[in-house]
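Student: need a 3D model of the following:
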Amino acid sequence: MIEYISSRQNSKIKEVTKLFQMSEKKAQGKFIIEGYHLLEMALSANVVSAVFSLKEEKSVPSSIPQYIVTPEVLEKISLTKSSQGVVAICTMKEEKGITSSNVLYLDDVSDPGNMGTLLRTALAFGYKDVLVSPNSCSIYNEKVIQASQGAIFTLNVKTCDIAGLKKLNDYQILATEIKGSIDIRDVKEIGKHILVLGNEARGVRKEILQLASQRIRIDIEDMESLNVAIAGGIAMYSLSRLVSQKD
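Tutor: Reported below is the predicted structural model:
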């Protein structure tokens with residue numbers, strides 16, 4: 001179905017702008033994406049419920065409502081200063097159980113850029129299941145979605161508190177800590193594991209550190225610490241190689 005919209009006051013456009021608010025996203029179970037790359041990934045994941053663009057998008061199935069809008073209308077629902085030509089409404093994915101051997105746990109990661117980068121890196125290094133603490137930044141924050149480059153559509157991202165983490169007792173927990181007992185280069189062998197990365201300011205909470213079978217560090221020079229997204233990338237790359245060698 002294709003419909004044309006030329007007014008910024010159109011009721012459908014007003015409904016879209018409501019999704020700028022996180023409370024409304026949660027209430028409706030929907031969120032906004034922008035750009036052709038994200039649209040392609042969202043279509044592959046079958047989560048697109050409507051598309052707004054300047055011209056007909058041939059890649060969009062006829063079963064999905066498509067609205068052809070003016071530049072002024074698209075500007076109103078755009079998430080960026082310069083519109084990328086297409087905006088889509090997506091349905092939030094249902095959280096599923098953990099099935100993979102490599103799991104990432106994000107403990108109160110608060111910066112959207114860090115969160116998105118970590119999700120993108122997790123997908124790249126085989127961490128297909130990602131657990132996020134209740135106080136972490138929402139994966140449906142628009143900056144998270146952009147930084148993730150669409151990884152949220154492929155990953156299984158699940159909210160998990162400490163009680164939930166304790167139930168995963170068949171996994172080895174590796175928690176990152178600046179003064180951890182073992183440098184990540186000295187980790188020789190791992191199996192099913194959960195890599196824990198902490199908050200930008202205070203790191204991993206003590207309650208989670210106490211659950212860890214190993215507290216790992218990344219030895220660096222001339223700096224006190226690394227950005228959590230950088231540290232996470234190094235850790236996931238290093239640990240994923242160990243798992244590959246074991247397999």
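
Student: who's in contact with the closest residue to Ile5 other than its chain neighbours?
Tutor: Closest residue to Ile5 apart from its sequence neighbours, by C-beta to C-beta, 6 or more residues apart in numbering: Val69 at 4.8 Å. In short, each C-beta sits where N, CA and C put it, glycine included. Residues near Val69 by C-beta atoms under 8 Å, 6 or more residues apart in numbering: Tyr4, Ile5, Ser6, Ile13, Phe52, Ser53, Leu54.

Student: from Tyr67, how far off is Gln9?
Tutor: The gap separating Gln9 from Tyr67 is 14 Å, by C-beta to C-beta, to the nearest Å.

Student: likewise Leu43?
Tutor: Distance of Leu43 to Tyr67, given as C-beta to C-beta: 16 Å.

Student: just to revisit the earlier point, can you tell me which of the contacts of Val69 lies nearest to Gly164?
Tutor: Taking C-beta to C-beta as the measure, Gly164 lies nearest Phe52 of the contacts of Val69, at 37.1 Å.

Student: and that closest one, how far is that from Lys76?
Tutor: To Lys76, Phe52 is 10 Å away according to C-beta to C-beta.

Student: of those two, give the one with the bigger neighbour count.
Tutor: Comparing Phe52 with Lys76 by other C-beta atoms under 10 Å, the one with more neighbours is Phe52, at 25 against 19.

Student: ok, Ile178 touching Arg217?
Tutor: Yes. In this structure, Ile178 is within contact of Arg217 by C-beta atoms under 8 Å, at 6.2 Å.

Student: more neighbours, these two?
Tutor: Remark: of Ile178 and Arg217, Arg217 carries more neighbours, 18 against 15, as counted by other C-beta under 10 Å.

Student: what about the closest residue to that one other than its chain neighbours, neighbour count?
Tutor: Nearest non-adjacent residue to Arg217, counting by C-beta to C-beta, 6+ apart: Gly180, 3.5 Å away. Gly180 has 19 neighbours, counted by other C-beta under 10 Å.

Student: just Thr91 next, same as before
Tutor: Other residues close to Thr91 by other C-beta under 10 Å number 15.

Student: ok, Gln9 and Tyr67, which is more surrounded?
Tutor: Legend: neighbour count by other C-beta under 10 Å for Gln9 and Tyr67, higher for Tyr67 (21 against 8).

Student: which residues touch that one?
Tutor: Ile2, Glu3, Tyr4, Ile5, Lys12, Ala50, Val51, Phe52, Ser53.

Student: can you lay out these as a markdown table showing pLDDT?
Tutor: Below are the contacts of Tyr67 laid out as a markdown table (pLDDT from 0 to 100):
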| residue | pLDDT |
| --- | --- |
| Ile2 | 93 |
| Glu3 | 95 |
| Tyr4 | 97 |
| Ile5 | 97 |
| Lys12 | 96 |
| Ala50 | 98 |
| Val51 | 98 |
| Phe52 | 97 |
| Ser53 | 96 |
